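S.K.: Provided below are the primary sequence and the corresponding predicted coordinates.
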Amino acid sequence: MSSTRSRRGRTLAAGALSAAMLSTGTAGAVAATGTPTPKPSITRTGMPSMKPSRTPTAMGSITVSANRKAVKVGNTVVFTGRVKGVKAGSTLVLQHLHNGKWTTLRTTAAVNKNGTYTIKRTFTKKGTEQVRVATKSGTFQSSPVTVQVS
């Protein structure tokens, strides 16, 4: 029985001594720096971000269709479509592919309250025209449509 008391006593003494040493070390660290040392945090590097990317296609879009795919010089083509993520009243422009670059034509329209638009264009030169509709700022563009002018 005395050996059990003696073990308990030693265990209790060891625990008290350990606690005293730990608290003295922390108090010494606080006294030396004036602020407690920060606890290490877990950081992960190289982990993929879970935030969705904010690309223009994710924020808005423009569709376009032409009432005619082939016209004679001097005839009018009506382009209609819908927008998403573009405010009503915003200006849309018609662009055509010229020498490998999209060039803005002098044909514009405003977005209606319901998100639709109508653009009319009369073509004056023969050939194949690739056109698209874009916001005036160029943030959003539709897929191109082709019109054959003869």
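M.R.: Here it is on my side, so go on. Numbers count the residues shown, from 1 in each chain.
S.K.: flag the shaky bits of this protein, pLDDT-wise.
M.R.: For the chain, applying pLDDT under 70 flags the ranges 1-58.
S.K.: so where do the strands sit in it?
M.R.: With strands called from DSSP state E, the chain shows them at 61-62, 65-66, 70-71, 76-84, 91-98, 101-110, 116-122, 127-135, 145-149.
S.K.: in JSON lines, list the ones you listed along with mean neighbour count.
M.R.: The way it works is simple: take the backbone N, C-alpha and C, and place the C-beta from them, glycine included. As requested, these are exported to JSON lines (neighbours: other CB atoms under 10 Å):
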{"stretch": "strand 61-62", "mean neighbour count": "20"}
{"stretch": "strand 65-66", "mean neighbour count": "16"}
{"stretch": "strand 70-71", "mean neighbour count": "16"}
{"stretch": "strand 76-84", "mean neighbour count": "17"}
{"stretch": "strand 91-98", "mean neighbour count": "18"}
{"stretch": "strand 101-110", "mean neighbour count": "13"}
{"stretch": "strand 116-122", "mean neighbour count": "16"}
{"stretch": "strand 127-135", "mean neighbour count": "18"}
{"stretch": "strand 145-149", "mean neighbour count": "16"}
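S.K.: so how far is residue 96 from residue 106?
M.R.: Spatial separation of residue 106 from residue 96 under the definition CB to CB, to the nearest Å is 11 Å.
S.K.: which ones are touching the spatially closest residue to residue 76 that is not a sequence neighbour?
M.R.: Among residues not flanking residue 76 along the chain, residue 122 sits closest, at 4.8 Å (CB to CB, 6 or more residues apart in numbering). Residues near residue 122 by CB atoms under 8 Å, 6 or more residues apart in numbering: 74, 75, 76, 77.
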